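>>> Just a sequence and a predicted model for now, questions to come.
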Amino acid sequence: MVQRPFSDTDGAQTFTWANSSILKQRRESQTNTVVHRMQRPKMSTILSSVETSRGKSSYDKTNPRFNELRLARNTFSNISVSPLHPFVIKLSNVVPRTNRSQSDGRSNNNISIDTHYALPTMSKFFPPLDEQELQSIEQKTNSRENTIIFPEAPDEKENKTIVIKGIFLANKSYSERSGKEKEPKSTLVDMETDSVAVDYFLQRTPIDVGSKYINNSSVHQYNCLTIKEAKTDIDAQAMFSKMDIEVILVPRTHVDSIWKKSFEQYHKESVSKILSNVVKKLLFYSNLTFTWNEVSHLSQWWKSTSQKCRNGFRKLVKSGRLEITTGGWVEPDEATTHLFGLVHQIVQGHEWLKHHLNYSPKVGWLTNTVSHSPTMAYLLSASDISYLVLTNLHYSWAEYLAEYQYGDFVWVQSWDGDRLVSSVLNEALNVLGRDRHPKNSVFTHYLQFNSASFKACGPNSGICANDFNFAKSNKNLDINPYNVKDKSELLLEQYSKTGTTTQHNVIIAPLGGPYRYESQSEFDYQYNNYQKLADFVNANREIYKATMEFGTPKDYFKSILKTHKNIKTNTIKGDFLNFADIDSGRPAYWTGYYTSRPTFKIMLRRLESTLRTTEILFSFAVSLNSFRGYNVSRILDKLVNARESVARLLDRNVASGTLPANVLKHINKLILATVNNCWHIQEVAASFLSSKPGQLEPHLHKYVYREGEFISTFRTVYANDQIYIFNSLSHENTEVVELLTRYSNIRIVDHNKKEITVQINPIWKYTSDKIQISRRFFKIFFAVVLPPMTLELFTIKETYDVTHSASAIFCSSCMVGDEVVSDSIFPFNIQPIQTGDIQLESYKHRLVFDEMTGFLKTVIEKETNIEKSVMIDFGAFRDASVNSGMFLFNTNISKPLKDILMLYRIGALVKATAIISGKITTEISSIYGHLLQHTIKIFNFIQNPLSNAIYVETKVDYELSPKNRELEFFMSIQTDISNGDPPQIVTDNNGFQHTIRILNMSRGIESNMYPATSMVYIQDRRSRLTYITDHAQGVTALHEGQLVIMLDRRVLFNDGRGTGEGLADSSTTRHRQYILFENFMDPSEPLDSESHDPKLPSLSAVYLANSLNYHLDIFLVDKNKTDQCHYAFLPLLKTSFPCDVSVINYRVILSKGGFQDHTPNTALLILHRRSISCKIATTISLHCNGESNFLLENILRNLKAVYQTNLAGTTKGIPLLNFTPVNFPQMELTTLRVYF
C-alpha cells in the first residue's frame, strides 16, 4: 500500500495565506508545498488558541513557530531580544534553508540519490527545542512579508496560579490604523511550566494532593489483574507495516514470427535491430534488464551477428539480467495446435538454447495467445519450468481473480494426483507431505488488465500508455526535478491499485509492447526516465511505502517466495480457452478462429505428420548405420530447415489461420517447400534402410495422392510397380490404402507373394448437375495390416479378370465420360437408385439414410439389434455485423440460423446421389451442387477399430466471394443420447487430455463454442458417440443429444483485432472424420462419479485418432533400381510398445558442426503413456504388448544406453532401461536420451 505524504488534487485542503510566498525556498524551484492531512501531525495554532481561549495548545511541542520565546521567569536574563511587533510571529524557519553552496548557485555533483530526491522529514520542519539556535531570536522581525499578523487578544485578568498564560500583546493603536506600521513593543511574559527544557521549571513548594474526603472505601491495596491479548487472523498494525508495494520493472518486447509480414521481413526490418540494441544497452546500463520470449528470431540473429555481440549476449544471460522465458521456438496457439506441434517447438527452442547458450528457461511467459490450455502448462512443467506468467483471460476470469486476489495460483492437471514425488515448486514453497502440490503443477501469475505492455501498469490504461511510454517524446516530457514527484505519485497510484489484486503487493510492470526498442534512443528514453522515477521513490520509500527496480519475471517469483512464504496459493485445474474482451460494450468472443481457414489447418497437420515420419526414418537410418558411404550433410541442412520451418509455422497467428491474404500465399509456398524437403529426406532414409549395404544412391520416391491434400509428382501406378508402405505408429496399424491408376486390371501382392483383396472404385466429379465418371482413371483400394515401425514391400501386378474387384455403382444422375481409351477396361455397371430409404450394411452396422436428404438418420448395431437415432444435417449461422471477423464469432440475434439447403428441400434444386459398394468399403455420397458433397463410408472388417467406425468425408466449397457471405457452415449430429440439460460435451485439449464442457444455453452460441483438436464426444449411462477429426474444429451444441461441428466460414467484416481484413478467401475443403458408437459395460453406474474415467477416451478412439493424424507413408520404387530393394519386410523394432504407449517423436540430436565433426550417436525418444477408459465395452483386437512394464532394450535395436531426461532433453538425466507405471505414469510424457 503506497503512503502518499502529499495530497491528491481532488482530496487535499490547501490553506492560502496572504503572504504564502514565504513558503517557497529561495534559489530553488518555486513550487508551493502542500502538506497532506494524513501525514502531517495534527497540531494547534495560536489562532485556534485565541478563538477557544485555550492558550496551552499554542505552545505544543509540534508547533512550527521555532523562534517563539519559551522562557520561564528569570531565565536567560542577559539575552537581549530584538523587539517584536505585537501579534507577529516569525516564520523564517518553517521552510528549511538551503546550504551555502546552494545559496551561491553552485551545484554539488557528489550529492547521493537519497539526498537529492529525499523529501523533507518532519525533523526539518519541527526540530526539538534543544536543537534550535539561540540566534533565531535575533532575526529580523520588522519585515511584513515574513510575518503573520493575528488579531489582538482580549484583556485577561491576572493569573494567580503557578502557570501564567501569556501571549505577545499587540498595541491596540496599531490594529486601529490601516496600511501603516509602527515600531512594535514586546513584553516577555511568563511561560508554561510543563515545557521540556530544564529552565522551564520553577522552584516551588510541592502541593499536597492527598484526599481530604472520607467516602467509606476499603483500605485494602488494589490488586492489578492481567488480561491476555486476543488472537486473531490478522493484526491490523502488523499487517499494515507489511503492505509495501514492490514494483519490478520488466523491459520487454513482443515480436511475431509471421503475421502481417513474412518472417524474413520482420527480422530484417525490426527484430534484428531490437536484439542488437538489447546487447548494447544492457552492457551500457549496468542495472538495466530485459526479457526475451522466443528463439526463432534469436537463432536467425545469431547466424548473422558478430562474435562480440554473441559473447555479450552470453554474458548478459549468465548474469541473469537478460532472461529468456518459455524457450519455445515461437509462442503457439494453445487451442488448435496438436500435441506433436507443441512438443516439437519446445524441444526445438530448448535444444538451441542449450547448445548455444548453455541455458535452460525457468519461467514461462504466455501473453500473446488468447487461449491457455493445461496441456501447455504440463509441457512447461515437464521441461523443468515451474513458474508461468500469462494474460488474456476471459473478462469474467479477470474480475474474479482480482476480486478474490487469486492472481497467483497453482495450476494443476486434472488427472495428476501424485503428491509423493518432490518437485522444484514444492521445494520452493517449502511444503511437505500431503500439503505438496502434484508434481506437474505450475505456479502461475496472471498479469491483470489483459496486457503485457505499458498498459499493464494499472487500471487506467490511458495513463499507463500515454504518460509513461517515454518513447513518445512528442507527448511526454522527460522526468526532471520539477515533475518527478507528481509523475512518481501518479504512477504509484496505478501500481498501488494493481497491488490490491494480489495478496503480497509485489507486481510486474511490463515496459514494452509490440516491436518496442527498435532504436537505441528508445532504450535511453525508457531507462533514464524510469530510473529517475525509481530513484525518487526508493529515496522516499519510508514515505511512499514502495520500491521500484528493474528486474525479470524470475525476480518476481523469487521475491514472493522469499518474503511472502505464508501467503495461501489456491489451486486451479482446467483450461482458459474461450477468451472474450468487452471493449465495445458487449462481449466479443475469440471463438471464430477455431474454424477459420480449415484447409490451412489441415495442411499444417499433414506437415507435422510428414516431419514426424521424417524424424523417425532418419533416426533409424542413423542408429542402424544405414548411411555408410553416403554424404549425409547433403540432407542435413534440409532436416534442420524443416525442423525450424515447422516450428515457426506453429506461431499463434499461423496455426489459428488468421493471416492476411497476401502473407498466406507466402506461407503456402513455405509449406510446400518444407514438405518437399521432408519427402526427400524420407526417400533417402527409407532407401538406405531397405537396400543392401554399400548403395550410394536412393531408389525410392514419395507417393502421395489424397484429394484436398499434398500431391506428389508420381500420381499413378502401373503393373509391375513396387511400393514400400511404412507404418510410423508404435502399434500395429490397419488402414485402407488408396492408389491412383490408369488401368483397372490391377492386383496387389504382398512381400510373401500372397495376393491381397483389392477394390476398384471409379473416379468422378460433379459438373452441370451431373456426376461424371471417368473412363481414364481409377482408384485402387486395398487393406494392409502393418506392424509398428515397419517397411513392407508390395507389388502391383496385372490381372485379366476385374469383375470380382470392381465396385457396384448405384447413381441417380451419373454419366460416363467420353474419353477414348483403347487399352483400358471400364469394369463398372451403373444402376439406378431405388425409391425409399437407403440402407448400407457391414459386419458391424446397418445404416439407414433418409430418401429425401441422403443423410444418415439411423444406426442399428447388428450384434445387439439396438437401434440408435443419429440424424445428420447441415445449416449455417448468420454473422452479426459487429464482433465478427477472422478472430471473432458472433451470430445475428434476430436471425441466427439459415437453412443453407432450403432450395434443395423445397425442390427448386435437385441433389445428386451415388452409392459405391465393394469388398472393402461401401459408401454413399450426397451432392448439393458445388457447396456440399457429403460421403458416409463403412468398412467390411471384423474385430478391428475400423469395423466399429463410420467414416465421414465432407467437401465444402464456398465458391467465389461474395457468395455465401457472412455464413458459418456447420454439420449437426442429433442423437438420442441423454447428455444432460444443459448439455455436456467432452472435448480434447491438444490430443493430450479431455475436459467436460457444460454449455450455458442462456448465453449466445459464440460463448459456448469450444475447439476440438482431435475428438469430442457426448455420452449418457448407456452409450457414447465420439467424433474424431483430422484437424481443429469449433464444436458446440444447441440442445441435448446434439453435436454441432463447424466446417467453414466466410466473414467479410473486419473484427478490429489486428489483421485488418475479413475472411473472404475460403477454398475447397475436405473434412475427414470418424464417428464411433460405443456402449458402457455397466449402464447403471452414474457418470457424475468422482473418478476421472468418464473423461478418458476408449482404446478404439485413440487408435482412430492416430490413424487420422499419422497416415501410412507410401514410397514408389524406381523401376530402374528394383534390384536395390534388399528387404521386402523390415520391422525397425524388435517388438511392439505397450498398448498405452505412443511414440510422439524420435529425433536425432545434431551437434553444432553436424556430420562434418562426427556422426551423431544420440537421439531423443519422446513417449506418451495414454490413459484409456476401462468402462467401454470393446470387441476389437489389437496386437500390442498389454503389459505395463517394458524394457527398452527389448524394443529398440543397437541400443547402448538410455537416460531419462526432462521433456526437452536438455538435462543429463538418469540411466533407466526398465519402465514401470512408477517412473513412467499414465497420462504423462517422458523423454529418453538414447545412445546407439
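Yes, it's here.
>>> Now do the contacts for residue 1007.
578, 580, 587, 589, 591, 1000 (Cβ atoms under 8 Å, 6 or more residues apart in numbering). Glycine gets a C-beta too; all of them are placed from N, C-alpha and C.
>>> would you list those in JSON lines and tack on neighbour count, distance to residue 1120 and secondary structure?
Below are these laid out as JSON lines (neighbours: other Cβ atoms under 10 Å; distance: Cβ to Cβ, whole Å; DSSP: H, G, I helix; E, B strand; the rest coil):
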{"residue": "578", "neighbour count": "22", "distance to residue 1120": "57", "secondary structure": "coil"}
{"residue": "580", "neighbour count": "20", "distance to residue 1120": "61", "secondary structure": "strand"}
{"residue": "587", "neighbour count": "19", "distance to residue 1120": "64", "secondary structure": "coil"}
{"residue": "589", "neighbour count": "23", "distance to residue 1120": "58", "secondary structure": "strand"}
{"residue": "591", "neighbour count": "28", "distance to residue 1120": "54", "secondary structure": "coil"}
{"residue": "1000", "neighbour count": "10", "distance to residue 1120": "65", "secondary structure": "coil"}
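>>> and which of those residues is nearest to residue 933?
residue 591 (26.7 Å; Cβ to Cβ).
>>> Point to the residue nearest the middle of the protein.
For the chain, residue 366 is the residue whose C-alpha lies nearest the centre (Cα atoms, centre = their mean; 3.6 Å).
>>> Domains in the chain, by residue range?
1-206, 246-326+361-575, 699-832+1110-1123, 833-977+1001-1009+1032-1079, 1130-1235 (automatic domain parsing).
>>> would you turn these into TSV with mean pLDDT?
TSV is the format used below for those (pLDDT from 0 to 100):
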stretch	mean pLDDT
domain 1-206	43
domain 246-326+361-575	93
domain 699-832+1110-1123	91
domain 833-977+1001-1009+1032-1079	93
domain 1130-1235	90
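>>> mind putting the ones you listed in JSON lines, distance to residue 645 included?
Below are the domains of the chain laid out as JSON lines (distance: least, Cβ to Cβ, whole Å):
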{"stretch": "domain 1-206", "distance to residue 645": "49"}
{"stretch": "domain 246-326+361-575", "distance to residue 645": "9"}
{"stretch": "domain 699-832+1110-1123", "distance to residue 645": "15"}
{"stretch": "domain 833-977+1001-1009+1032-1079", "distance to residue 645": "20"}
{"stretch": "domain 1130-1235", "distance to residue 645": "15"}
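>>> ok but residue 635 is inside a strand, no?
No. Read with DSSP: H, G, I helix; E, B strand; the rest coil, residue 635 is helix and lies in no strand.
>>> I figured it was touching residue 680, is that so?
Yes. Counting by Cβ atoms under 8 Å, residue 680 is a contact partner of residue 635 at 6.7 Å.
>>> Looking at the two, which is more packed in?
Neighbours were tallied for residue 635 and for residue 680 using other Cβ atoms under 10 Å; the higher tally belongs to residue 635 (23 against 19).
>>> Need the three-state assignment for residue 1104.
Relying on three-state DSSP, one would call residue 1104 helix.
>>> For it, which residues are in contact?
Remark: with contacts taken as Cβ under 8 Å, 6+ apart, residue 1104 is in contact with 945-946, 949, 1028, 1074, 1076.
>>> Could you identify the most distant pair in these?
Pairwise over these, using Cβ to Cβ, the maximum falls at 946 and 1028, 11.9 Å.
>>> more neighbours, the two?
Using other Cβ under 10 Å as the criterion, residue 946 and residue 1028 rank with residue 1028 on top: 29 against 26.
>>> Secondary structure element holding that one?
strand 1023-1029 (DSSP states H and E).
>>> Check the offset of that strand from the chain's centre.
29 Å (Cα atoms, centre = their mean, to the nearest Å).
>>> same question, stretch 1007-1017
Centroid separation for stretch 1007-1017 versus its chain: 18 Å, with Cα atoms, centre = their mean.
>>> end-to-end on it?
Distance across stretch 1007-1017, first residue to last, is 19 Å (Cα to Cα, to the nearest Å).
>>> again with stretch 837-848
Stretch 837-848 end-to-end distance (Cα to Cα) = 7 Å.
>>> Which residues does that stretch contact?
Under Cβ under 8 Å, 6+ apart, the answer for stretch 837-848 is 849-851, 854, 856-863, 913, 915, 917, 922-924, 936, 938-942, 947-948, 950, 1077.
>>> buried set for that stretch?
838, 840, 842, 844-848 (16 or more other Cβ atoms under 10 Å).
>>> Check which residues of the strand of greatest length in the chain are buried.
The longest strand of the chain (DSSP state E) is strand 770-786. Buried residues in strand 770-786, counted by 16+ other Cβ under 10 Å: 771, 773, 775, 777-784, 786.
>>> Closest one to residue 379 out of those, please.
Distances from residue 379 to the buried residues of strand 770-786, taken by Cβ to Cβ, are shortest for residue 786, at 29.9 Å.
>>> How about that closest one, nearest residue that isn't a chain neighbour?
Sequence neighbours aside, residue 727 is the residue nearest to residue 786 in space, at 3.8 Å (criterion: Cβ to Cβ, 6 or more residues apart in numbering).
>>> How many residues are close by that neighbour?
Residue 727 has 27 neighbours, counted by other Cβ under 10 Å.
>>> Distance of it relative to residue 1107?
Using Cβ to Cβ, to the nearest Å, one gets 10 Å for the distance from residue 727 to residue 1107.
>>> got any residues that touch both of these two?
With Cβ under 8 Å, 6+ apart as the test, residue 727 and residue 1107 both reach residue 733.
>>> And the nearest residue to the residue nearest to the centre of the chain once chain neighbours are set aside, its phi and psi?
In space, and not counting its chain neighbours, residue 366 is closest to residue 390: 4.5 Å by Cβ to Cβ, 6+ apart. Main-chain dihedrals, residue 390, degrees, to the nearest 10: phi -140, psi 160.
>>> before we move on, what about residue 401?
Dihedral pair for residue 401: phi -60, psi -30, per degrees, to the nearest 10.
>>> thought it was touching residue 446?
Yes. Counting by Cβ under 8 Å, residue 401 touches residue 446, with 5.5 Å between them.
>>> Alright, that wraps it up for me.
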